[in-house]
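Peer 1: sequence and predicted structure, then a few things I'm wondering about:
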Amino acid sequence: MIPASFDYEVAESVEHALALLGADPDAKVLAGGHSLVPALKLRVSRPSKLVDIGRLSDLAYVRDAGSQLAIGALTRHAAVQGDPLLQEHCPIVSSTAGKVGDPQVRHRGTIGGSLAHGDPASDLPAVILALDAELVIVGAGGERTVAAADFFTGVFQTAVGPGELLTEIRIPKLGDATGWSYLKYHRRAQDWATVGVAAIVHRDNGTATSASVALTNMGGTTLRAASVEAAVAAGSSPAEAAAHAAEGAEPASDTAASAEFRAHLARVLTERALMEALA
Amino acid sequence: MSATETWGIGAPLKRKEDDPLLRGRGTYVDNIDLPGTVVMVVVRSPYAHARITSIDTSAAKAAEGVVAVYTGADLRDDWKAAMPCAWPVTEDMKNPEHFPLAVSEVNYQGDGVAVVLADTRAHAVDAAELVDVDYEVLDAIVDVAAAAEDGATLVHEELGTNVSYVWPLESGTFDESADVIVKHTYIQPPLIPNAIEPRGVVARPEPGGDVTLWSATQIPHILRLLTAATLGMSETKLRVIAPDVGGGFGSKLDVYAEELLAVAIARRLGTPVKWIEERSENALATIHGRDFVTTLELAATKDGKITSLRANVIASMGAYLQLVTPGIPLLGAWIYAGPYEIPNYSVTFTGVFTNTTPTDAYRGAGRPEATYVLERTMDLLAKELGMDRVELRRKNFITEFPATIASGLTIDSGDHHASLDRLLEHLGLEELEAEQQARRDRGDTKQIGIGFSTYNEMCGLAPSRILGAIRYAAGGWETATIRCLPTGTFQVVTGTSPHGQGHETAWSQIVADQLGCDPSEVEVLHGDTSISPYGLDTYGSRSLPVGGAALWSAGEKIIEKAREIVAHQLEVAADDLEYEAGTFTVKGSPDKEMTVKGAAWAAFAAHNLPDGMEPNLEATATYDPPNFSWPGGAHAAVVEVDTGTGDARLIRYVAIDDVGTVVNPLIVDGQVHGGITQGIATALYEEAIYDEDGNLANGTMAMYLVPSAAELPSYELDRTETKATDHPFGAKGVGETGTIAAAPAVINAVIDALSHLGVTDIQMPATPERVWRAIEEAQQ
Ligand SMILES: Cc1cc2nc3c(=O)[nH]c(=O)nc-3n(C[C@H](O)[C@H](O)[C@H](O)COP(=O)(O)OP(=O)(O)OC[C@H]3O[C@@H](n4cnc5c(N)ncnc54)[C@H](O)[C@@H]3O)c2cc1C
């Protein structure tokens, strides 16, 4: 468990980080290190240089931005979990951060790292996708904002290009008429999701008028369960809608579950998530 | 409470060992840093079965910091014998010769092909990547049942078969015309033992060709003997030290390639050599357990009296025979009938090679495998008979002891009804069954199930004569020395080798109880062949039943000598002395007394000893047990199964164990806790998964599911106590009980939870996917 050798630099500012990244195409950003360091130790990742953004404390925040909340990319899972603004206006994010790994992981891992890593088994991507969040990326060419729907591009691939940094995540405030649920099936407390389901449901008198549903670990990236959403919009019950949960998904088979069982779990969890969001 | 109740046999004394270990002050092998050490890294085969066509070490040799690179061919002449197997279970057992590094063929993923030695671990790891090995990949065989069949892909072409041996034990004739016969085949998957400390070795060359070997081992004595033999060294040239060792569960009961390599290379290079196993390397390079396919048949009368048992066991050896690989299945051979009286008995074991990590002892070794298939079949039989499963067990319990069982051994003591009664008191079965019914009636998503396992195991390895009769190479005795030091303290030397069990505490309590001192006045030395020259180490729940008895015998010798000294000093006849808890008093003159400690001083000063008596008070005793020891008990698991996700989770676990006399209830509870957890892990979580090419698919802690406290309930533990009649203070051994009992209780509970849906069988581990498929199949 010894990484291949690499250089290491501490970024003093976002500009400094961008300069360091720009100077070395094989450099990688180091945030909480809880996905990157294991990959280094297994030697599946062999960057020439690590640019450590861990000390950029001005990237760790949660701010009220009118109809949105803005979360700095370097905010640790534990801080997201405990943040009062999030708990009040968008509790699905704080609650899901509390379901990531174990306390050690949550005190090191960052929301930006979780999203930029592009791991289809990570929890927060599904929530960000279901919320139709916006992600702010900066690079040598300046700043751009990407919709969550365009952010997750492949297995361990996102819209964050070489030499770029994810700096902020903007999420909507959810009103009282909006229910939510993130259900994660995993075997042990510290495990990644075998399958996860994020559901945001707009309620009217105890029934759902519309829903956005996103799935964890049901394919190469987190993905929207479009057929479920369509069924809910057309007035289907949670059970009826959930039957469509795995449509179009191509989950992997691995030692945790076969693709077939993942599809089953997606249906079971989607029904439960819709029920929970409606309750 | 009297003094002995607070620290003698039976007292809940906190472990002496814990303070330094919990503060990080332990000395594990990796803490041993000797000047001039070179670090060894093993280059391992990525293939499960391949011919080595060439190895180019030139780039590795030229890399920074590299001291040497050796291939199997380079070191071939260092070995005067092949890797040792101490248990040739049959005369014609097939044992393919293998050496610490493969020379021409690799037979499992992780088989070592070369070693790199460098100044730092980082340099060694970097250079290991540069060793260029060409392989010609061969077909692999992984499935043990398939490997046993004619025409199967062969692991060792030259043997012409994958079958290493067939070993039968038969007494009586199976009643083919019985009222009821049930028959079922069970799979028990391969398991990775996962001691918290991976293996590690340091070998230091000493002047004159001697070598000191530190190893994270359970068996320093056996390791010394066999390392010396394999390398053609005199035993006197090798000192083996087991420092603090972080668990073993049988996986450190072996003579491993890296131990032999480190000694050989330290002698070649004249510098200390260190090898520390990585966690994911441990998953491949340290032995696995279980991997059995067993068909069990029970025949019974229609009122539930079992008349015959027949077991056909196919056991994977993995790629090679390690130290006791072929004998592991046999350790269960005598107890397939468990706590039940079954007159006709037949078991047959077939040991089979596969292209997987060699198997060997893993907690319970042979006995969990036996108990699992028996206790599952007891539930099947109860169902077939339409009889209550608890009643069926009761009806067949052995009740009179000593009991000579059909397999030929004699169980000295036990009381299975008492354990089962106690279990039912704790369990509240009626309420649980009412709750189960209510959930069924409501059609709840979460169903509950209750499972039982009543067991009897055989441990305290082992009477030497019996070991001889079943072709094990060594004996099963144990030895202990007690030295009474002049200041009234006691030094104990034991041949057992603790690696987490707390022998220092328990042995201190025994001496304190017997010789009248505080446990803190007892020092326990172990795990160093130059300090404890004789011993047969720690495994098979043997340390207290055998080593504890040796210690007690040494204590008796001390008392006898002290009695003569005291009689001489008090000028009374030895027969007039009464002894209790360290103090001799004179019958009729209660004011006249002298302690063992006093006698120790007198023996040290030697001013006034009986004529002809040697100075000093010291005794050594070696104890060869006349019989195995026979713990037993009754366990029950309550599980909740989510019929949607297939998730099965323990909600209660009640264990009643009879381990004879308890020396320290905290230690016993700790052993039971860990044992149960490993049994539950087997039932619900753990399994080494190989793909068909023999690649280990889940060899990391993220994918191999060792459960944690978060997944488990607090166990409800209690005991019954029947003393072992052969043991000086009645102890039976507790190291493996939980693991032996737990897995069938849990699987029986999972099946019970789903029985109303038509589920009758589920394979271990009962993963959510297996549970879901079982429900789906039953519904069709
Ligand atoms: C034992 C364990 C259990 C875990 N369990 C879970 C779980 O249950 N659910 C879950 O979702 N996650 C889990 N994780 C992962 C954890 O949440 C990680 O912390 C997170 O996924 C990555 O965040 P990080 O800050 O540690 O990123 P790092 O590991 O530092 O980086 C990850 C990747 O993202 C890139 N990166 C990081 N920050 C930025 C940025 N601001 N801009 C551009 N690129 C960036 C890095 O270059 C790297 O490629 C677990 C991790 C461990 C070790």
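Peer 2: Structure received.
Peer 1: near chain A, which residues of chain B?
Peer 2: Listed as neighbours of chain A in chain B under the rule CB under 8 Å from any CB of the partner chain: B:121-122, B:125-126, B:278-280, B:644-647, B:685, B:689, B:697-698, B:702-703, B:705, B:707-708, B:710-711, B:767-769, B:772-773. For every residue, glycine as well, the C-beta is placed using N, CA and C.
Peer 1: quick one, longest helix in chain A?
Peer 2: Longest helix in chain A, counting residues (DSSP state H): helix A:259-278.
Peer 1: check contacts around the closest residue to chain B within chain A.
Peer 2: Nearest residue of chain A to chain B: A:Ala189, at 3.6 Å (CB to the nearest CB). Residues in contact with A:Ala189 (CB atoms under 8 Å, 6 or more residues apart in numbering or on different chains) are A:Asp102, B:Ser708, B:Ala710, B:Glu711.
Peer 1: residues contacting the last one?
Peer 2: Pointing back at B:Glu711 there. For B:Glu711, the contacting residues are A:Arg187, A:Arg188, A:Ala189, B:Arg649, B:Leu650, B:Tyr685, by CB under 8 Å, 6+ apart.
Peer 1: next one: the second one
Peer 2: By CB under 8 Å, 6+ apart, B:Ser708 lies in contact with A:Arg188, A:Ala189, A:Gln190.
Peer 1: beta-bridge partners for A:Tyr64, please?
Peer 2: Careful, residue A:64 is Asp and not Tyr. In this entry, A:Asp64 is beta-bridged to A:Leu69, by DSSP bridges.
Peer 1: which residue is the nearest non-sequential neighbour of residue 265?
Peer 2: Reading this off chain A. A:Val195 (4.1 Å; CB to CB, 6 or more residues apart in numbering or on different chains).
Peer 1: to clarify, I was referring to chain B.
Peer 2: B:Ile265 sits nearest to B:Val273 (CB to CB, 6+ apart), 5.0 Å away.
Peer 1: could you pull out the strands in chain A for me?
Peer 2: Counting by DSSP state E, one finds strands in chain A at the ranges A:7-10, A:27-30, A:49-52, A:62-65, A:68-72, A:134-139, A:142-147, A:152-154, A:157-158, A:165-172, A:178-185, A:195-204, A:207-216, A:223-224.
Peer 1: right, so those strands: which one is the most enclosed?
Peer 2: Compared across the strands of chain A, strand A:195-204 shows the largest average neighbour count, a mean of 25 (mean count of other CB atoms under 10 Å in any protein chain shown).
Peer 1: what's the spacing between it and its chain's center?
Peer 2: Centre-to-centre, strand A:195-204 and its host chain are 15 Å apart (CA atoms, centre = their mean, to the nearest Å).
Peer 1: same check on stretch B:258-277?
Peer 2: Distance, stretch centre to chain centre, for stretch B:258-277: 27 Å (CA atoms, centre = their mean).
Peer 1: give me the mean pLDDT for it.
Peer 2: Stretch B:258-277 carries an average pLDDT of 98.
Peer 1: buried set for that stretch?
Peer 2: B:258-269, B:271-277 (16 or more other CB atoms under 10 Å in any protein chain shown).
Peer 1: could you do stretch B:642-654 as well?
Peer 2: Applying 16+ other CB under 10 Å to stretch B:642-654 flags B:Asp642, B:Thr643, B:Gly644, B:Thr645, B:Gly646, B:Asp647, B:Ala648, B:Arg649, B:Leu650, B:Arg652, B:Tyr653, B:Val654 as buried.
Peer 1: look up how far the ligand lies from the residue nearest to B:Ile265.
Peer 2: Distance, B:Val273 to the ligand, by CB to the nearest ligand atom, to the nearest Å: 32 Å.
Peer 1: partner residues bridging that residue?
Peer 2: Counting by DSSP bridges, B:Val273 forms beta bridges with B:Val38, B:Ala203.
Peer 1: mind giving me the domain ranges of the chain?
Peer 2: Using chain A. For chain A, automatic domain parsing gives the domain ranges A:7-52, A:57-171, A:179-278.
Peer 1: that answer is for a different chain, and I need it for chain B
Peer 2: Split by automatic domain parsing, chain B gives B:3-25+B:477-623, B:34-136+B:197-246+B:252-285, B:289-461+B:627-779.
Peer 1: most packed of these?
Peer 2: The most buried one of the domains of chain B (mean count of other CB under 10 Å) is domain B:289-461+B:627-779, showing a mean of 22.
Peer 1: how close does B:Trp630 get to B:Val293?
Peer 2: Between B:Trp630 and B:Val293 the computed distance is 27 Å (CB to CB, to the nearest Å).
Peer 1: hang on, I meant B:Thr620
Peer 2: The value you get for B:Thr620 to B:Val293, if CB to CB is used, is 46 Å.
Peer 1: give me the mean pLDDT for the helix or strand hosting B:Thr377.
Peer 2: Assigned by DSSP states H and E, B:Thr377 belongs to helix B:367-385. Here helix B:367-385 scores 98 as its mean pLDDT.
Peer 1: tell me how far it lies from the chain's centre.
Peer 2: Taking CA atoms, centre = their mean, one finds helix B:367-385 lying 23 Å from the centre of the chain it belongs to.
Peer 1: and the next helix or strand past that helix?
Peer 2: Counting by DSSP H and E, what follows helix B:367-385 is helix B:389-396.
Peer 1: what sits up against that next one?
Peer 2: Contacts of helix B:389-396 (CB under 8 Å, 6+ apart): B:304-306, B:339-342, B:378-379, B:381-383, B:385, B:417, B:420, B:424, B:429, B:452, B:454, B:748.
Peer 1: residue ranges with poor pLDDT in chain A?
Peer 2: Across chain A, nothing is flagged by pLDDT under 70.
Peer 1: interface residues of it facing chain B?
Peer 2: For chain A, the residues in contact with chain B (CB under 8 Å from any CB) are A:1-2, A:4-5, A:42, A:185, A:187-192, A:194, A:254-258, A:261, A:264-265, A:268-269, A:272.
Peer 1: please indicate which of those residues are buried?
Peer 2: A:2, A:185, A:187, A:190-192, A:194, A:254-257, A:261, A:264-265, A:268-269, A:272.
Peer 1: middle-most residue in chain B, spatially?
Peer 2: B:Arg363 (3.6 Å; CA atoms, centre = their mean).
Peer 1: surely it meets B:Ala742?
Peer 2: No - at 10.7 Å, B:Arg363 and B:Ala742 do not qualify as touching, with contact defined as CB atoms under 8 Å.
Peer 1: common neighbours of these two, please.
Peer 2: Common neighbours of B:Arg363 and B:Ala742 (CB under 8 Å, 6+ apart) are B:Gly675, B:Gln678.
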